[in-house]
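Engineer: what shape does this take:
(2 chains)
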Amino acid sequence: MSTLNQKIKLYLENNLKNYDDELENYVLQNDLKTPPTGKIKINDDYLESWNVDGLNAPTQSEIDAL
Amino acid sequence: MAFTLLSASSISGGVGENNTPAFYVGKTSAQTVSDNVKTKVTWNEVYDTDNAFASDKFTVPSGQAGKYNFYVHLTLGTSGSYGVLFPRAYIYKNGNSLYMFSGPNNEQGNDVYSVTGTLSLDLSVGDYIEVYGRNNNDQGTPYFLGKSGDSPNEERSWFGGYKLA
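Structural biologist: So this is what the prediction gives:
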């Protein structure tokens, strides 16, 4: 199964963004417990913040589909 | 030139104080983490003078507000022969990431890399401090190293703190 970071990388590339350029523009986090409600997640890893210029953060269904 | 000897009781701070609460925690085994995910570090307690360290965090006990010094050393590794691209450790206060210590952003990767930092904080009762790490890795399984594996006798990661005044 792909990790959340692998799926984020795919999502960026599918939207013509360079992964290396965007690496510092999003933050993934794991607090060793269930992520806060509403966060995009895989298991306990979740998308804590997103600041990619010109591209909205992925939805949970978009991540699940990758 | 005249010198005056100072007794411990005449000096404010430092001599004569015991710098508690104080704690020190290590890591007895490796913690597997996900690539590029800021992950809370788990610890094994070594000493904790005021029972203030629990659930992998230090919480300022009742009556102990003040200035504290903290130190952290986190070793990040990979199951691959290299792959640790950008090692980082973070200090969280009350659930918020406030300080980052980082190693080099090495596109060739390292098999292990240690990040070290110290800081002082002015804390209130109930404030809590945690350590997170971020292991951006492109080969193998990333982890935070403990006292095990290829280094069974040496500490690889630790975290401590004590009250200054």
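Engineer: pLDDT wise, what is the most centrally placed residue in chain A at?
Structural biologist: The residue lying closest to the centre of chain A (C-alpha atoms, centre = their mean) is A:Ile8, at 4.3 Å. pLDDT recorded at A:Ile8 is 97.
Engineer: my read is that it contacts A:Leu47, right?
Structural biologist: Yes. Using C-beta atoms under 8 Å, A:Ile8 is in contact with A:Leu47, at 7.4 Å. (Glycine included, C-beta is placed from N, CA and C.)
Engineer: any shared contact partners between those two?
Structural biologist: Common neighbours of A:Ile8 and A:Leu47 (criterion: C-beta atoms under 8 Å, 6 or more residues apart in numbering or on different chains): A:26, A:28, A:58.
Engineer: quick one: is the least confident helix or strand in chain A by mean pLDDT near chain B?
Structural biologist: The weakest-scoring helix or strand in chain A, judged by mean pLDDT, DSSP states H and E, is helix A:19-22 (a mean of 93). No. Using C-beta under 8 Å from any C-beta of the partner chain, helix A:19-22 stays clear of chain B, with a minimum separation of 8.8 Å.
Engineer: and chain B, which residues reach chain A?
Structural biologist: Close to chain A, as judged by C-beta under 8 Å from any C-beta, chain B has residues B:33-40, B:42, B:56, B:132, B:136.
Engineer: now do the SS call for B:Pro61.
Structural biologist: coil (DSSP: H, G, I helix; E, B strand; the rest coil).
Engineer: pretty sure the residue nearest to the centre of chain A belongs to a helix, no?
Structural biologist: Yes. Under three-state DSSP, A:Ile8 sits within a helix.
Engineer: leaving out the residues flanking it, which one is nearest to it?
Structural biologist: A:Tyr26 (6.5 Å; C-beta to C-beta, 6 or more residues apart in numbering or on different chains).
Engineer: contacts only, for the one you found.
Structural biologist: Applying C-beta under 8 Å, 6+ apart, the residues near A:Tyr26 are A:8, A:47, A:49-52, A:57.
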